[in-house]
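Colleague: Could you work out the structure for the sequence below:
(one chain, ligands or ions: 2)
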Amino acid sequence: MSQNTPEIDIVLNEDELMAMVDQLAETLAPRLQGEWTAINILIGATPFTSDLMKALARRNIHPVLDALWLESYRDARESSGRVNVRADITRPVTGRGVLLIDDVFDTGRTLAFARQHLMTKGAREVITVALARKPSAPAGPENVDYYAFEAPERFLVGYGMDDRGLYRGLPFVGALD
Ligand SMILES: O=P(O)(O)OC[C@H]1O[C@H](OP(=O)(O)OP(=O)(O)O)[C@H](O)[C@@H]1O
Ligand SMILES: Nc1nc2[nH]cnc2c(=O)[nH]1
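Modeller: Ligands and ions are numbered 1, 2, ... in the order given. You can find the predicted model right below:
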């Protein structure tokens, strides 16, 4: 990488990522029968959502795809403690199952907010899925329902995850100090 790029340690390479996403789709497929909406939590979950949707489609599962733009970190490496809605979903979810898709589950605030937001809109049930789960993330009833891997307690970048807007396009998951 260029001189101005910090040292990024590879946590998961592209092949490992694809295998994990495929395994998640295999696990989720039996639960996604009937009327489901998959919601990409913008911006970070976009590459993961794209690959998960393809893996589900290969299993003949075709949820409606929508997006919910939430923001709580902006350019910081710690949560602001508030979740702001920058743009809401575009189709009703009343009576539908909702699969909320996020890249990383850290303090759990974003998915807790999103779950409540979708239940208030009348979703029949909400399932949460994240690519990565931090070891310090909430357990018990606040836990994410499904995740692909337990990440190190470091700041993750790549495969959608950013540092001040950078590195979302990296095809692997990396960690910065
Ligand atoms: O579990 P939490 O502590 O809430 O952290 C997880 C959230 O943090 C990031 O969002 P961010 O606010 O940085 O927006 P982004 O998706 O645009 O990067 C990430 O995409 C998750 O949505
Ligand atoms: N990019 C990025 N965003 C996060 N939001 C919560 N945790 C993280 C993280 O480790 N990396």
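
Colleague: hmm, who's touching stretch 134-141?
Modeller: By CB atoms under 8 Å, 6 or more residues apart in numbering, the surrounding residues in contact with stretch 134-141 are 104-108, 143-144, 150-153. C-betas here are computed from N, CA, C, even on glycine.

Colleague: Kindly report the same for stretch 62-69.
Modeller: Residues outside stretch 62-69 that contact it (CB under 8 Å, 6+ apart): 32, 36-43, 49, 53, 56, 85-91, 93, 96, 99-100, 114, 117.

Colleague: The residue positioned nearest the centre of the chain in helix, strand or coil?
Modeller: Nearest to the mean C-alpha position of the chain, counting by CA atoms, centre = their mean, stands D102 at 1.3 Å. Here D102 is strand, with the state taken from DSSP: H, G, I helix; E, B strand; the rest coil.

Colleague: show me the contacts for the residue lying closest to V21 once chain neighbours are set aside.
Modeller: Excluding the flanking residues, the one nearest V21 by CB to CB, 6 or more residues apart in numbering is D51, at 4.7 Å. Counting by CB under 8 Å, 6+ apart, D51 makes contact with 17-18, 21.

Colleague: This protein: helices as residue ranges?
Modeller: Listed in chain order, the helices found in the chain under DSSP state H are 14-28, 46-57, 109-120.

Colleague: Tell me which of those lies nearest to E78.
Modeller: helix 109-120 (11.2 Å; CB to CB).

Colleague: tell me which strands and helices that closest one is in contact with?
Modeller: If contacts are counted by 3 or more CB pairs under 8 Å, 6 or more residues apart in numbering; DSSP states H and E, helix 109-120 sits against strand 36-42, strand 64-71, strand 97-105, strand 125-133.

Colleague: quick one: the shortest one near ligand 1?
Modeller: In other words, strand 36-42. Yes - residues of strand 36-42 contacting ligand 1 under CB under 6 Å from any ligand atom: I41.
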